[in-house]
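[1] Could you look at this predicted model? Sequence included:
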Amino acid sequence: MKKKLLLVSMLLITQLSNAKPTKAKIEAVVLEVKAEINAVRLGILNATNKELVTAYKMFEDTHKKPLRELLDQGLKKVPTMMEDVQNHPNLSDDEAVQKVFYEYIDRAMRLKAIGLAKSMLNHYEKMLQDQNNSIQSCDKHMALLALLHVDEAVDYVKENADVFLSEKK
Amino acid sequence: MKNKLLLLGAMIAMIFSMHANYSENAVILGDIDDYIQNRIHALHLTHNEESEMLELFEKGQTKLLQQIFSYIKSLFSNEEYKKDFIRSYQLGLEGNDEEVTRLGIAMSEKYFDREFSIQLCDAMINYCLFCREVVADDNNSPEFCYKLGLFLFFKAIELGSESIGLDLLNVLNPDGMKSEEVERGD
């Protein structure tokens, strides 16, 4: 499941880092990812609206703000990052994205990302320790929470499509 | 986001790939070693970097991972688990990713007890803390941190294959099927 989410987010980053994106292309990628999220939520997790609302409340209360801050930090680097990807004509798209990615993600972003992951895991552990929760409900809640992170990230990309479209002269 | 999911997903993805997604990563037994070596080779590590990362892996992760794999190994003595495992493997060979994922989730719910789930969670939190220490250390470049994250992921898969490899082969050949047939997906 999380592996699938990892692949989805990598697809998003790779697609958006390719040469000359258009608004239509960005929207198409966003729709593709959202469709995948829905497919997992409904088709695989069989989550009810109530379960989704509970996960969304948790996400809103504790994760949305730090996630947005992390995305804000990343967004500032996007224009030059995309230009740098083009500056590696000898590398494949994947290799160029990888090379630029680790050059641009700074220490503060890494620490924030680890903090988010740790916060999710602490929440998961607390849920598991509560005997009133079944393991299934804990797992489903965490999977929904992870989906909401990806959903928020694609919304953010859509909101800031202009940054991805602007070309540095 | 990619970085966050990499950190969070690495260990859970590892568990899932150990029991559900063999076709996806071409980690059929005989290929595991090649797969890992190729992926590590693609990181273009210097000899010193590889030694340092290996030391960090052995220091911080090995014991925890061995405990986790030991639990997974014990599941192979459960006939029902074996049946579900073979089914997920066959679905993987057929390329039915959605069903593999669905079955993988159902299996983790059915066979991973609360104690194991907490143990796995602890291992992941420790992994996060370990990453935090590495990243916060000014001596480590962003490139080193990034490569270390991938290196640890691949080494974890390798350790898993070493820990449960033979048991896995026995499970996949319950009727004396030749291993070559399994590898070809016949």
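    Everything's here; your move. Residues are numbered from 1 along each chain as shown, chains lettered A, B, ... in the order given.
[2] Check what pLDDT residue 5 gets.
    Since no chain was named, I'll use chain A. You'll see residue A:5 listed with a pLDDT of 52.
[3] that's the other chain; I wanted chain B
    pLDDT, read off for residue B:5, is 38.
[4] Any idea how many residues pack against residue A:132?
    Neighbours of residue A:132 under the rule other C-beta atoms under 10 Å in any protein chain shown: 6. All C-beta atoms are positioned from the backbone trio N, CA, C, and that covers glycine.
[5] Show the backbone phi and psi for residue A:87.
    phi -80, psi 10 (degrees, to the nearest 10).
[6] correction: residue A:105
    phi -80, psi 110.
[7] burial count for it?
    By other C-beta under 10 Å, the residues close to residue A:105 number 21.
[8] Provide a list of residues in contact with residue A:135.
    Counting by C-beta atoms under 8 Å, 6 or more residues apart in numbering or on different chains, residue A:135 makes contact with A:128, B:109, B:112-114, B:117.
[9] try 6 Å this time
    B:114, B:117 (C-beta atoms under 6 Å, 6 or more residues apart in numbering or on different chains).
[10] tell me the pLDDT at it?
    87.
[11] Phi first, then psi, for it.
    Dihedral angles for residue A:135 - degrees, to the nearest 10 - are phi -60, psi -40.
[12] can you list the weak-confidence ranges in chain A?
    Scanning chain A for pLDDT under 70 picks out A:1-21, A:166-169.
[13] Kindly recompute the last result at 80.
    Low-confidence segments of chain A (pLDDT under 80): A:1-23, A:25, A:43-44, A:82, A:93-95, A:97-99, A:101-102, A:164-169.
[14] quick one: contacts for residue A:102?
    B:142-143, B:146.
[15] And residue A:156, by the same measure?
    Residue A:156 touches residue A:71, counting by C-beta under 6 Å, 6+ apart.
[16] where does it land in three-state SS?
    helix (DSSP: H, G, I helix; E, B strand; the rest coil).
[17] can you map out the helices along the chain?
    Using chain A. A:2-17, A:23-38, A:49-58, A:64-86, A:93-104, A:107-129, A:135-159, A:161-165 (DSSP state H).
[18] wrong one, I was asking about chain B
    With DSSP H as the criterion, chain B has helices spanning B:2-19, B:29-41, B:47-60, B:62-75, B:79-93, B:97-111, B:114-136, B:142-172, B:179-184.
[19] With adjacent residues omitted, what lies nearest to residue B:87?
    residue B:103 (6.6 Å; C-beta to C-beta, 6 or more residues apart in numbering or on different chains).
[20] follow-up on the earlier one: so for residue B:33, which of the helices of chain A sits nearest?
    Across those, residue B:33 has its closest neighbour in helix A:2-17 (21.0 Å, C-beta to C-beta).
[21] quick one: low-confidence parts of chain B?
    B:1-33, B:35, B:60-64, B:93, B:97, B:164-186.
[22] Quick check: the residue lying farthest from the centre of it vs residue A:68, distance?
    Distance to the chain centre peaks in chain B at residue B:138, reaching 29.6 Å (criterion: C-alpha atoms, centre = their mean). Using C-beta to C-beta, to the nearest Å, residue B:138 is found at 28 Å from residue A:68.
[23] contacts for stretch A:52-68?
    With C-beta under 6 Å, 6+ apart, stretch A:52-68 has contacts from A:116, A:141, A:144-145, A:148, A:152.
[24] quick one on the thing from earlier: how about the contacts of residue A:102 in TSV, adding distance to residue B:156 and neighbour count?
    As requested, the contacts of residue A:102 are arranged in TSV below (distance: C-beta to C-beta, whole Å; neighbours: other C-beta atoms under 10 Å in any protein chain shown):
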residue	distance to residue B:156	neighbour count
B:142	22	17
B:143	21	13
B:146	16	21
